[in-house]
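1. got a predicted structure plus its sequence, pasted below:
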Amino acid sequence: MSVSQIVAQVTEQLTEGVSKFTLYVVRRKEEKSVIPPNLSQQVGVVSQQCNTVADLARELGQQFEEFPDILARITGEANGLESASRNLQATASNMGSVSEDLALSWERLANSCSSIADRVIRLMEVLFQAEHNRILAVANKAQQLLAENTAFTPNQLDQ
């Protein structure tokens, strides 16, 4: 199985996990539930999945070392996913430790989940476009080299 297939598979699992966790959070918010003792464990699972996807994306990105702009986009989106994961962890850690409405805490946690979902989508778009962008870059380079090697000066045409 290729790295891109693994990333797609793990990302699918992450997306499903984030969706289920977001639904869980929204239900808790609507029920005005107290913070469950296993919340940090649940957040840890989602966060670990995010980090795994980010690491796999970076590994896949190494195939694009010759194309720094593609590699930079992949790395940037992987970093963004990890940042959203850290934000989820921080939001969960801060729940109940501040004197705010519990519903607002749940809302912030739901927003953190939404941020992760957005980051996963952006990362997958970049990964799926990467091969296409590489082909375009190679084609452009080949076209440039062909033009450089077949260009005739006016003096060469007269001879």
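-> Looks like it arrived, so ask away. Numbers count the residues shown, from 1 in each chain.
2. tell me the contacts of the spatially most central residue of the chain?
-> For the chain, the residue nearest the mean C-alpha position is residue 123 (3.3 Å; C-alpha atoms, centre = their mean). Contacts for residue 123 (C-beta atoms under 8 Å, 6 or more residues apart in numbering) come out as 11, 53-54, 57, 74, 77-78, 80-81. Placement of C-beta: from N, CA and C, glycine included.
3. ok, and the most crowded of these?
-> Within these, residue 53 tops the neighbour count with 28 neighbours, counted by other C-beta atoms under 10 Å.
4. verify the contact between that residue and residue 121 for me.
-> No - applying C-beta atoms under 8 Å, one finds residue 53 not in contact with residue 121, separated by 11.8 Å.
5. thinking again about what came up before, dump the contacts of residue 123 to TSV, plus distance to residue 141 and secondary structure.
-> Putting the contacts of residue 123 into TSV (distance: C-beta to C-beta, whole Å; DSSP: H, G, I helix; E, B strand; the rest coil) gives the following:
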residue	distance to residue 141	secondary structure
11	30	helix
53	31	helix
54	29	helix
57	25	helix
74	20	helix
77	24	helix
78	26	helix
80	29	helix
81	30	helix
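6. out of those, what pair is the most spread apart?
-> 11 and 80 (14.0 Å; C-beta to C-beta).
7. pLDDT at residue 6, what is it?
-> On pLDDT, residue 6 comes in at 69.
8. could you shift the numbering so residue one becomes 19, and keep it that way?
-> Will do, 19 is the new start, and the previous item becomes residue 24.
9. in this protein, where is pLDDT below threshold?
-> For the chain, the stretches flagged by pLDDT under 70 are 19-22, 24-25, 115-118, 168-177.
10. which stretches of it form helices?
-> 21-49, 57-79, 86-112, 120-168, 172-176 (DSSP state H).
11. related to what we said a few turns ago, okay, the contacts of residue 141 in a markdown table with distance to residue 81 next?
-> A markdown table is the format used below for these (distance: C-beta to C-beta, whole Å):
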| residue | distance to residue 81 |
| --- | --- |
| 29 | 17 |
| 71 | 16 |
| 72 | 16 |
| 75 | 11 |
| 92 | 9 |
| 95 | 15 |
| 96 | 14 |
| 98 | 20 |
| 99 | 19 |
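12. tell me which residues touch residue 28, please.
-> 67, 70-71, 74.
13. how about a cut-off of 7 Å?
-> Listed by C-beta atoms under 7 Å, 6 or more residues apart in numbering, the contact set of residue 28 reads 70-71, 74.
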